[in-house]
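> Pasted the sequence and its predicted model underneath.
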Amino acid sequence: MNPSCNLFIVGPTGAGKTSIGRRLAAHYGLPFVDLDQEIERHCGVPVSTVFEIEGEAGFRQRESQLLDECSRRDGVLLATGGGAVLDPANRRHLAERGYVVWLQATIEQQLERLARDTKRPLLAGEDRRGKLDAMRETRAPLYREIADLTVSGEHENVAAATERCIALIDTHWNRTQAA
Ligand SMILES: Nc1ncnc2c1ncn2[C@@H]1O[C@H](COP(=O)(O)OP(=O)(O)OP(=O)(O)O)[C@@H](O)[C@H]1O
Ligand SMILES: O=C(O)C1=C[C@@H](O)[C@@H](O)[C@H](O)C1
Ligand SMILES: [Mg+2]
């Protein structure tokens, strides 16, 4: 656990980082920053268009640059994108600059929640389950590496999941160490 008053949310796509993160920010009185939305604001186009024009490598560069900027702030809730943990520098920034909450979700939950989604370019095309499985294989150890707190994904809706997060964060996050 580190002595920061930032809350950072990591986890797989569809875990609820954006929707639960927004509610957590309101609860804790922190400005809410969503990394994907920051990228869209800077580029003026949706994430899917950044992928189309610059490829995943271009997107990851922008993601890393903005993660560095956003995580330097003091007292924010930052909801990251599902793949933000892939870059070792991003992981270092998150681990050193905030209290990291790993929001989990099962593959079934991801498939159900994102069934109608067209905004996640890495899920485009056939075999979503296979893609999600492959991402999990690579990324779960990376979420684990930096997580200060892990919240399982068994909650049936966003409100219940948010309440569960608050209960766990209140128990484990020692904000009195805030700089
Ligand atoms: N605990 C939950 N129960 C039910 N639905 C949920 C839950 N968490 C998220 N959802 C729904 O799943 C969808 C995706 O959630 P959200 O965009 O917050 O995920 P994310 O973790 O930010 O994904 P990404 O990494 O792709 O940005 C939304 O429609 C949201 O309402
Ligand atoms: O899981 C991922 O790699 C991604 C998740 C989204 O949040 C976006 O950051 C983008 O679609 C990539
Ligand atoms: Mg999100």
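Yep, that arrived. Ligands and ions are numbered 1, 2, ... in the order given.
> what about the spatially closest residue to L122 that is not a sequence neighbour, distance to ligand 3?
Leaving aside its sequence neighbours, L122 sits nearest to K131 (CB to CB, 6 or more residues apart in numbering; 6.5 Å). The way it works is simple: take the backbone N, C-alpha and C, and place the C-beta from them, glycine included. According to CB to the ion, to the nearest Å, K131 and ligand 3 sit 17 Å apart.
> ok, now A95?
Counting by CB to the ion, the gap from A95 to ligand 3 is 20 Å.
> Tell me who's in contact with the closest residue in space to D87 that isn't next to it in sequence.
Once flanking residues are discounted, D87 sits nearest to S64: 5.2 Å by CB to CB, 6+ apart. Contacts of S64 were listed using CB atoms under 8 Å, 6 or more residues apart in numbering, and they are 87, 89-90.
> hmm, the helix or strand encompassing S64 touching ligand 2?
Using DSSP states H and E, S64 falls within helix 47-71. Yes - counting by CB under 6 Å from any ligand atom, ligand 2 has neighbours in helix 47-71: V47.
> can you list contacts of the helix or strand just after that helix?
With elements assigned by DSSP H and E, the helix or strand that comes after helix 47-71 is strand 77-79. Outside of strand 77-79, the residues within contact range by CB under 8 Å, 6+ apart are 6-9, 17-18, 21-22, 24-25, 28, 30-35, 67, 70-71, 98.
> thinking again about what came up before, and the helix holding S64, average pLDDT?
Taken as a whole, helix 47-71 has a mean pLDDT of 98.
> And stretch 83-94, by the same measure?
98.
> that older thread, make sure the residue nearest to L122 is actually in contact with R120.
No - with contact defined as CB atoms under 8 Å, K131 does not reach R120; the gap is 9.6 Å.
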